[in-house]
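Participant: sequence-free structure coming up:
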């Protein structure tokens, strides 16, 4: 078993991948802020199965055997884009609220930095435990 296969590290890695995918969608929302008829998208919240520590299925297809093909459009753990509820829709049909998207981007960035910091501290703790530091 590799050190990076520990459940805590796997959960942090999944969380960071989810946040990278979410940042991509937020950037797409901002980039299409002037496109007529564009609706902003976001990812469903990432949840972990308490028993296994792996991302819980969110009603999407799952790989049950290594030989199976990944579902189309799967961009990482929890990558289930959904339309967001927005109160402001311009006459052109665009529903992107730049202030809201910038708040999401800032929150997402701070959450990513927290997960990355926890990942690094966990690795440092493991190094201390095995005497490599």
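Facilitator: Here it is on my side, so go on. This structure is a prediction, so every number in the text was calculated from the model and none was measured.

Participant: which residues of the protein fall in strands?
Facilitator: Per DSSP state E, the chain carries strands over the ranges 41-43, 81-83.

Participant: Mean confidence (pLDDT) on the last one, please.
Facilitator: The reference is to strand 81-83. Across strand 81-83, pLDDT averages out at 47.

Participant: any weak-confidence spans in this structure?
Facilitator: Applying pLDDT under 70 to the chain flags the ranges 1, 4, 51-53, 57-87, 133.

Participant: tell me, what residue is most central in it?
Facilitator: Central residue of the chain (C-alpha atoms, centre = their mean): residue 18, 1.8 Å from the mean position.

Participant: pretty sure it is touching residue 46, no?
Facilitator: Yes - counting by C-beta atoms under 8 Å, residue 18 sits close enough to residue 46 to count as a contact (4.4 Å). From N, CA and C alone the C-beta is placed, and that goes for glycine too.

Participant: burial of residue 105, as a residue count?
Facilitator: 16 (other C-beta atoms under 10 Å).
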